[in-house]
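Enquirer: next one to model:
(chains A, B and C)
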Amino acid sequence: MIAARALSKRYGDRRVFRDVSVELEAGGLLLVTGANGSGKTTLLRILARLAAPSTGTLELPARETIGYLGHEPLVYRELTALENLTLFARLYRVERERVGMLLERFGLWDVRNQRVSTYSRGMQQRLGLCRTLLHDPALLVLDEPANALDAPGLELLDGVFAEGRTTIVATHEPERVEPFATRRLAFA
Amino acid sequence: MRYAQDTWALARKDLLLELRAKETLPSMLLFIIAAFTVFHFAIPHGTGVVAARGLLWSALVFTALLGLTRAFVAEREQGMFDALVLAPCDRSAIWLGKTVAVLCFLAAAEVVALPAFSIFFTGLDGRTVAAVALADLGIAAVGTLFGAMAVAGRARELMLPLLFLPMAIPIVVGGVGRYLWFLALYDAIFALLAWASFEYVVAET
Amino acid sequence: MKLAALTTALFGAAVALIFFYAPTDATLGFQQRIFYFHVPIALTSYACFGWGAWKALRYLRTRDERADLESYVAIHQGVVFGALTLITGSIWAKASWGVWWTWGEDELVLFLVLFLFYCAYFMLRFSVEAGPMRAQMSAVYALFGVVLIPVSFLAIRLSKQFLHPQVFTLHGPQMAHSQFFTFCVAWAAMLCLFATLYHVELAGKRIDAHLRELRELLGRRLDGGPQGAQVSALPAPERSSS
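Expert: Numbering: from 1, shown residues only, chains lettered A, B, ... in the order given. Just a heads-up that it's a prediction; the model follows:
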């Protein structure tokens, strides 16, 4: 599903990383570890089709089949959860029922009509996961998904991993994701 | 058509956000009335009608700048460009949706500002109003694109006036002279250019 | 280097022609000769912006960083020549009319607008981190600039219908053959100057970039390992460094 060879990325003179190769089979989970600032986020952005590598070859699924969760949950803070997901449901041409389904699954149904700015960080992150899963992506790219998650959220995250989607996870605390990983990549 | 639906979904989002926040439009209204007041004190006695029109256009351009500066703040601060760019919609739909929203703000501000101007200074005829409408299109189209550029760098709010004002000069000329054909030409050329080039301003790939 | 030689030769020829060959204009006098500098500089400036826009378009098509650098250098030269246009225009106005600036001269006003626009180009580049986004935005802005040139010129023309009429305008001579010839030589000289400076600046920037790359490579070697050492993903859990 993903094949990347000899990727490198630089911004002007600043080299972020070089000579990274990745292979991930469908249904696999790639665990990317490394200290902050080591380039994990940049690599994930490239694998999510948000950035282009400076050199190297890359094979990725189509843009519409990718779900990305960055350091931020990527939702509009002044909209409600329902409004946020409805917007993305429209853009991704997804049926409205999925919105309700995901809100329920991630425990946000009761607060769906409250603005995201009133949520705790854990709830915002859960909403971010909803947005990421909304269009049933074939490839999940998650950058520090456990970062702000509360206990119920972490359980739900495990549930996501167990679903068997092709997934890439970057984290600097790999213990939780370790059991699900089929491949590993360590940034020094 | 899909494109129209995407554009409308995005425009709706922006209008909804403004309805909630109630920041941009009230500021624009207050600013333009304050500008008129300053002008009263700044312009000597006996200034003609054309000069007064010039004041209107100065106020409009700077008020528009105020509104445009806020245009992409949410996207920038909450990282929303990533989410929008990944969506299957055409990147130019992001531009078009935002432009439509900006147009609504400009129109809403002008609904108050134009009558205020006629009361404070001098009456406005239909041709001037038509010029304002046409100019709004150009301002929104170009301003939205440059707003996205400005928000990507370090200087942010400082950048937008620098980028936008040279482009606004032809609009002011078209407005003061009421050259409707020229404004239409400006709109057509630069809206097309903005529509075609927006994707390069928001996404690397 | 041939280009530099050609430029020098043309410049020498141009100066000689301007001061010794071209006839003194009957009405405007000796100071009219600055026209032979001012207008070629202005035309060269347009050429710079046009070339910069062309390279910008090439960048958007090919995503080749070299095109971005070439566009940047061309526009940089354009701003330099533009500033010179404003300065020579100002000198000409002072010599002809005793004023340092006149709004009545369309081309001067146009250059003022373009100068503002392209200075903002550099502010934009300075404000964004180096990389594909900066290159893309610069390219888009450069394209807007080149389209703005005719639109602004039209606007300035139109504006004279309602603005305070300006008495002072500069105008070149109705050119006789000798004057036209001088003008052409001067213009060719300016264009060659642009080409020379363009290549020099480009070469300089490329050398800079190579130097930085070498320094980085060297630094990495000395540190004993690349920054952000990379590995290939392997099925079994392990940690290794390259």
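Enquirer: which residue does chain C have closest to chain B?
Expert: Of the residues in chain C, the one nearest chain B is residue C:127, at a distance of 3.2 Å by CB to the nearest CB. (C-beta placed from N, C-alpha, C; glycine too.)
Enquirer: per-residue confidence for that residue?
Expert: The score at residue C:127 is 94. That number is its pLDDT.
Enquirer: next: residue C:14.
Expert: The predicted local confidence for residue C:14 is 85.
Enquirer: just checking, it touches residue C:189?
Expert: Yes - Residue C:14 is in contact with residue C:189 according to CB atoms under 8 Å; the separation is 4.3 Å.
Enquirer: the residue of chain C closest to chain B - how many residues pack around it?
Expert: By other CB atoms under 10 Å in any protein chain shown, 19 other residues sit near residue C:127.
Enquirer: residues touching it, list them.
Expert: Residue C:127 sits next to B:153, B:154, B:155, B:159 when contact means CB atoms under 8 Å, 6 or more residues apart in numbering or on different chains.
Enquirer: ok, of those residues, which one's closest to residue C:58?
Expert: Comparing the contacts of residue C:127 against residue C:58 with CB to CB picks out residue B:153 as the nearest, at 23.4 Å.
Enquirer: show residues contacting stretch A:94-107.
Expert: Residues outside stretch A:94-107 that contact it (CB under 8 Å, 6+ apart): A:81-82, A:85-86, A:88-89, A:109, A:112, A:126-127, A:129-130, A:133-136, A:152-153, A:156.
Enquirer: average pLDDT for it?
Expert: Confidence for stretch A:94-107, expressed as mean pLDDT, is 95.
Enquirer: and that stretch, what's buried?
Expert: A:94, A:98, A:99, A:102, A:103, A:105, A:106 (16 or more other CB atoms under 10 Å in any protein chain shown).
Enquirer: distance to residue B:199 and secondary structure added to the residues you listed, as a markdown table?
Expert: Rendered in a markdown table, the data for the buried residues of stretch A:94-107 read as follows (distance: CB to CB, whole Å; DSSP: H, G, I helix; E, B strand; the rest coil):
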| residue | distance to residue B:199 | secondary structure |
| --- | --- | --- |
| A:94 | 23 | coil |
| A:98 | 28 | helix |
| A:99 | 28 | helix |
| A:102 | 29 | helix |
| A:103 | 32 | helix |
| A:105 | 34 | helix |
| A:106 | 32 | coil |
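Enquirer: how many other residues sit next to residue B:181?
Expert: The tally of other residues near residue B:181 (other CB under 10 Å) stands at 9.
Enquirer: spell out which parts of chain A neighbour chain C.
Expert: Residues of chain A lying close to chain C by CB under 8 Å from any CB of the partner chain are A:10-24, A:30, A:38-39, A:51-52, A:178, A:181-188.
Enquirer: out of these, who's near chain B?
Expert: Answer for the residues of chain A next to chain C near chain B (CB under 8 Å from any CB): A:51, A:52.
Enquirer: who's in contact with residue A:37?
Expert: Residue A:37 is in contact with no residue at all, counting by CB under 8 Å, 6+ apart.
Enquirer: am I right that residue A:20 sits in a strand?
Expert: Yes - counting by DSSP: H, G, I helix; E, B strand; the rest coil, residue A:20 is part of a strand.
Enquirer: ok, it - how many residues close by?
Expert: With neighbours defined by other CB under 10 Å, the count for residue A:20 comes to 27.
Enquirer: so it sits against residue A:8, correct?
Expert: Yes - look at residue A:20 against residue A:8 with CB under 8 Å: they come within range, at 7.2 Å.
Enquirer: got any residues that touch both of these two?
Expert: With CB under 8 Å, 6+ apart as the test, residue A:20 and residue A:8 both reach residue A:56.
Enquirer: name the nearest residue to residue B:196, sequence neighbours excluded.
Expert: Spatially, and ignoring its direct neighbours in sequence, residue B:196 is nearest to residue B:92 (7.3 Å; CB to CB, 6 or more residues apart in numbering or on different chains).
Enquirer: just for chain C, where's the confidence low?
Expert: C:26-28, C:173, C:220, C:223-242 (pLDDT under 70).
Enquirer: and chain A, by the same measure?
Expert: Where chain A drops into low confidence, which here means pLDDT under 70, it does so at A:188.
Enquirer: most proximal residue of it with respect to chain C?
Expert: For chain A, CB to the nearest CB, closest residue to chain C: residue A:12, 2.4 Å.
Enquirer: what about that residue, neighbour count?
Expert: For residue A:12, using other CB under 10 Å, the count is 14.
Enquirer: surely it touches residue C:129?
Expert: Yes - with contact defined as CB under 8 Å, residue A:12 reaches residue C:129; the gap is 7.0 Å.
Enquirer: and chain A, which residues reach chain B?
Expert: Residues of chain A found near chain B, taking CB under 8 Å from any CB as the criterion, are A:45, A:48-52, A:63-64, A:66, A:68, A:70-72, A:74-79, A:83, A:87-88, A:90-93, A:115, A:131.
Enquirer: what helix or strand does residue A:167 sit in?
Expert: Residue A:167 is located in strand A:166-170, with elements delineated by DSSP states H and E.
Enquirer: over to residue C:207?
Expert: Using DSSP H and E, residue C:207 falls within helix C:177-223.
Enquirer: roughly how far is that helix from the heart of the chain?
Expert: Counting by CA atoms, centre = their mean, to the nearest Å, helix C:177-223 is centred 12 Å from the centre of its parent chain.
Enquirer: that helix close to chain A?
Expert: Yes - applying CB under 8 Å from any CB, one finds helix C:177-223 in contact with chain A at C:209, C:212, C:213, C:216.
Enquirer: now for that helix, which elements pack on it?
Expert: helix C:2-16, helix C:35-62, helix C:65-97 (3 or more CB pairs under 8 Å, 6 or more residues apart in numbering or on different chains; DSSP states H and E).
Enquirer: tell me which of those sits nearest to chain A.
Expert: From those, taking CB to the nearest CB, the stretch that ends up closest is helix C:65-97, at 9.0 Å.
Enquirer: point to the residue nearest the middle of the chain.
Expert: Unless you meant another one, I'm taking chain A. Against the mean C-alpha coordinate of chain A, by CA atoms, centre = their mean, the closest residue is residue A:142 at 2.4 Å.
Enquirer: hm, I was asking about chain B
Expert: Among the residues of chain B, residue B:140 comes closest to the average C-alpha position under CA atoms, centre = their mean, at 3.8 Å.
Enquirer: alright, calling it a day.
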